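Asks: 3D model of this:
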Amino acid sequence: MLKKLFGKKEEVPKNVEIKSPLTGNLLTLDEVPDPVFSQKMMGDGVAIEPTDGKVVSPIDGEVVQVFPTKHAIGLKAKNGAEILIHIGLETVSMEGNGFEAHVSEGSKVNVGDPLVTFDLELVRSEAKSIITPVIVTNGDDLAGIEKMTASSVQAGQDTVLNVSSK
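Replies: Okay, here's the model as predicted:
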């Protein structure tokens with residue numbers, strides 16, 4: 001009750017910049033060699049071909065899902081945008097081997113906070129691809145998604161998507 005009386009209500013931003021969760025080369029979804037992502041069945045977004053095995057938070061928000069195999073993580077931005085980071089393609093079959101999560105469901109995160117580290121060379125040798133889709137899974141609930149164009153991006157620094165809520 002006191003928080004309601006004296007606490008400031010946090011402003012919910014309408015627009016959120018989604019930073020790159022990985023350092024590497026920025027790709028379009030149609031460059032992803034998997035129809036689930038290239039045909040936007042999970043949602044719209046971008047993909048990154050990583051040059052190292054560190055995944056950081058692309059937003060200020062909350063971790064809503066850490067897959068048991070640690071190959072994918074779901075986040076929710078303050079404006080309601082839901083983001084899926086899927087490390088590599090067909091990496092679920094690795095059963096978590098080579099992946100280490102640094103957060104758990106319910107964790108609050110800020111841009112640049114470590115989420116997952118993984119063995120890039122192991123993923124390269126055991127998975128279909130190291131390409132990592134970054135998907136906004138609830139695009140129908142949002143006003144718009146603007147994709148940036150760049151050749152290379154730095155984790156936690158370069159904006160890859162601008163997402164606006166309705």
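Asks: does residue 103 touch residue 62 like I think?
Replies: No - using C-beta atoms under 8 Å, residue 103 is not in contact with residue 62, being 9.7 Å away. (Each C-beta comes from the backbone N, C-alpha and C, glycine too.)
Asks: ok, the residue lying closest to residue 30 once chain neighbours are set aside - how many residues close by?
Replies: Once flanking residues are discounted, residue 30 sits nearest to residue 38: 5.2 Å by C-beta to C-beta, 6 or more residues apart in numbering. Neighbour count for residue 38, taken as other C-beta atoms under 10 Å: 15.
Asks: from residue 165, how far off is residue 38?
Replies: Using C-beta to C-beta, to the nearest Å, residue 38 is found at 26 Å from residue 165.
Asks: check residue 17 too.
Replies: 13 Å.
Asks: next: residue 40.
Replies: Residue 40 is 20 Å from residue 165, by C-beta to C-beta.
Asks: now the strands: where do they sit in the chain?
Replies: Taking DSSP state E as the test, the strands found in the chain are 15-19, 24-28, 44-50, 54-56, 61-66, 72-77, 82-86, 99-101, 108-109, 114-118, 132-136, 142-147, 152-153, 159-165.
Asks: of all these, which lies closest to residue 125?
Replies: strand 114-118 (12.5 Å; C-beta to C-beta).
Asks: next, the angle from that closest one to strand 132-136.
Replies: 150 degrees (axes from the mean of the first three to the mean of the last three C-alpha atoms, to 10 degrees).
Asks: paired strands for strand 114-118, with orientation please.
Replies: Sheet pairing here is set by DSSP bridges, and for strand 114-118 it gives strand 54-56 (antiparallel), strand 99-101 (antiparallel).
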